[in-house]
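Undergrad: okay, predicted coordinates and the sequence, questions at the end:
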There are 2 protein chains.
Amino acid sequence: MPADQTPDPSGGDKISFRDVKAEIRRRIERRIWGPGDLVPGEIDLAEDFGCARATVNRAMRELTEEGLLERKRKAGTRVRAMPLRQARFEIPLVRAEITAMGAAYHYALLSTQTVPAPDWLRDRLGLRAGARALHLRCLHSADGRPYQFEDRWINLQALPQAETADFALQGPNEWLVQAVPYSEVEISFLAAAATVDVAAALGIEPGEPTFTAERTTWWQSRAITHVRLSFARGYRMTTRY
Amino acid sequence: MPADQTPDPSGGDKISFRDVKAEIRRRIERRIWGPGDLVPGEIDLAEDFGCARATVNRAMRELTEEGLLERKRKAGTRVRAMPLRQARFEIPLVRAEITAMGAAYHYALLSTQTVPAPDWLRDRLGLRAGARALHLRCLHSADGRPYQFEDRWINLQALPQAETADFALQGPNEWLVQAVPYSEVEISFLAAAATVDVAAALGIEPGEPTFTAERTTWWQSRAITHVRLSFARGYRMTTRY
DNA sequence: CTGTTTCATATGTATAGACCTAAGCAGAAT
DNA sequence: ATTCTGCTTAGGTCTATACATATGAAACAG
């Protein structure tokens, strides 16, 4: 995780929790406190740094959150023997992703269909037999070139208003965000061979490796939607930390 | 992000920042505070909830961190119109990943070679012409089945001790973690067609879609290592939030 | 009408003090 | 030796208070 973005308030005289974080980081990087070592308690550090315990506490709490420290009551705080490598990916809406690249965003609805949910979908979303689902296929383009193919299923039991919504102009993702405020999500990434229709939509060869994301969304324990996103050739999901 | 893991301290009488978080979450989910709305100030909320401002502050700070709120001084706090979808992936060592599945971990070093860094690598790591690099190829297996093929390059200028290290028993990843404490990382995920040697190592067909991670690591602005990890057929990287 | 200054205000953070709680440890009881 | 019991300790959190800082908005100047 990058350093905090607030500018260095080094003019100030009081010690900030940021200063404490930075100093602890430094001591870990320089191996002054080696992996697995027990670090001094909050009270001692507060005294060393000339600040309140709460300040040290916040610094250490955040460093723990970032994977550098391990804390346990009574046992004290230790430098993680093996720093937790964690990456955070922002999952923007396609529109935002494309316009952020400075490209023109274009959306097209390829097909809509209300059908009985297939078995694998019923299984995935926990629907009863015979449940109906809305099946959408869309294409998102950047500067006229296919960027992402969206294959979406919406649970009509949970979201009946989806059946009458118009997805010709607004993508289902954007419609859903305004229809369902906040939700539990399971997302996975995988490499898949392009199926015939994915290949046709993206303008690639069937069987080509395709970076794919699958996302299932629940709201208050009810499955709302399942989507499979297939990205154009050469797509990379990148982050720094 | 999942709810905090600490057990509900509902026996307590004082209001916890967790309670405040949960209640604010509820109000957002139930649309009591709709997207884009300005929410009451910390002082008002503290009064409402019957707790100190610091408690409300922590609750709102964390919700902001989690992408549900937007805060600006003087302007106040708003519900994010479009909640920031962010996923955090833990990048465990392969060993941990495999043993966590309950499978037996096995590591094999396929080849080691000290060579002049190829152009693409020099470019990637910012090395000068003629710089030497250590090139390793390894296979990580789960219950005897290939799981991940590792194609790693180590900058010998930055880490000369790598040349004499023994990677026959310990994987380069684990060696590096103990050699370089904490580092800046760029990681990307992509779908690639298996090259001949990747396919041979993983026991798949050349050209098969392969989930691939590429990671470059710096320490104090010096490039340390670049690695390309190719995962076995069917691999998925999954998370919930 | 536009650029500048001032002011009020919401958030951001530091502090001292208090109490809670998990958990390591030691000594007692079995 | 093993289990139980309490003491002690380090972190976890809340409170009340104070000051810092960014910034929207209003007052003001050109």
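TA: Good, I have the coordinates. Numbers count the residues shown, from 1 in each chain, chains lettered A, B, ... in the order given.
Undergrad: which other residues reach the worst-scoring helix or strand of chain A on mean pLDDT?
TA: When the helices and strands of chain A are scored by mean pLDDT, DSSP states H and E, strand A:86-90 comes last with a mean of 82. Here strand A:86-90 makes contact (CB atoms under 8 Å, 6 or more residues apart in numbering or on different chains) with A:1, A:67, A:237, A:239, A:241, B:84-91, B:185, B:187. Quick note: C-beta positions are derived from backbone N, CA and C, even for glycine.
Undergrad: what's the local residue count around residue A:26?
TA: A count of nearby residues for residue A:26, using other CB atoms under 10 Å in any protein chain shown, gives 11.
Undergrad: ugh, wrong one, I meant residue A:13
TA: Residues within reach of residue A:13, counting by other CB under 10 Å, total 5.
Undergrad: okay, now the domains of chain A?
TA: Following the assignment in automatic domain parsing, chain A carries domains at A:17-79, A:94-231.
Undergrad: let's have those domains in CSV, adding mean pLDDT and distance to residue B:120.
TA: Output for the domains of chain A, formatted as CSV (pLDDT from 0 to 100; distance: least, CB to CB, whole Å):
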stretch, mean pLDDT, distance to residue B:120
domain A:17-79, 95, 29
domain A:94-231, 93, 20
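Undergrad: looking at these, which is closest to chain B?
TA: Nearest of the domains of chain A to chain B, taken as CB to the nearest CB: domain A:94-231 at 3.5 Å.
Undergrad: ok, back up a step: chain center to the least confident helix or strand of chain A: distance?
TA: Remark: strand A:86-90 is offset 6 Å from the chain centroid, using CA atoms, centre = their mean, to the nearest Å.
Undergrad: and the helix or strand that that strand is followed by, C-alpha only, in PDB?
TA: Of the helices and strands lying after strand A:86-90 in sequence (DSSP states H and E), the nearest is helix A:94-100. C-alpha atoms of helix A:94-100 as PDB (Å, rounded to 0.1, in the frame of the first residue of the first chain):
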ATOM      1  CA  VAL A  94     -16.500  -0.200 -17.500                       C
ATOM      2  CA  ARG A  95     -17.600   3.300 -18.600                       C
ATOM      3  CA  ALA A  96     -15.300   4.900 -16.000                       C
ATOM      4  CA  GLU A  97     -12.400   2.500 -16.900                       C
ATOM      5  CA  ILE A  98     -12.700   3.500 -20.600                       C
ATOM      6  CA  THR A  99     -13.200   7.200 -20.200                       C
ATOM      7  CA  ALA A 100     -10.300   7.300 -17.800                       C
END
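Undergrad: check which element follows helix A:94-100 along the chain.
TA: Helix A:94-100 is succeeded, C-terminally, by strand A:105-116 (DSSP H and E).
Undergrad: report the angle between the least confident helix or strand of chain A and strand B:86-90.
TA: Using axes from the mean of the first three to the mean of the last three CA atoms, to 10 degrees, the interaxial angle of strand A:86-90 with respect to strand B:86-90 works out to 160 degrees.
Undergrad: okay, buried residues for strand A:86-90 please.
TA: A:87, A:89 (16 or more other CB atoms under 10 Å in any protein chain shown).
Undergrad: before we move on, what about stretch A:100-119?
TA: Buried residues in stretch A:100-119 (16+ other CB under 10 Å): A:105, A:106, A:107, A:109, A:112, A:117.
Undergrad: what do you get for stretch A:42-54?
TA: A:42, A:45, A:46, A:49, A:51.
Undergrad: next, format these as JSON lines and append secondary structure and distance to chain B.
TA: Converted to JSON lines, those look like this (DSSP: H, G, I helix; E, B strand; the rest coil; distance: CB to the nearest CB, whole Å):
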{"residue": "A:42", "secondary structure": "helix", "distance to chain B": "17"}
{"residue": "A:45", "secondary structure": "helix", "distance to chain B": "19"}
{"residue": "A:46", "secondary structure": "helix", "distance to chain B": "18"}
{"residue": "A:49", "secondary structure": "helix", "distance to chain B": "20"}
{"residue": "A:51", "secondary structure": "coil", "distance to chain B": "16"}
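Undergrad: and the residue in chain A that DNA strand C sits nearest to, what pLDDT?
TA: Residue nearest to DNA strand C within chain A: residue A:16 (2.9 Å; CB to the nearest atom of the strand). Per-residue pLDDT puts residue A:16 at 95.
Undergrad: most distant residue from the centre of chain A?
TA: residue A:47 (39.3 Å; CA atoms, centre = their mean).
Undergrad: any idea how far that residue lies from residue A:56?
TA: 9 Å (CB to CB, to the nearest Å).
Undergrad: I'm done for today, thanks for sticking with me.
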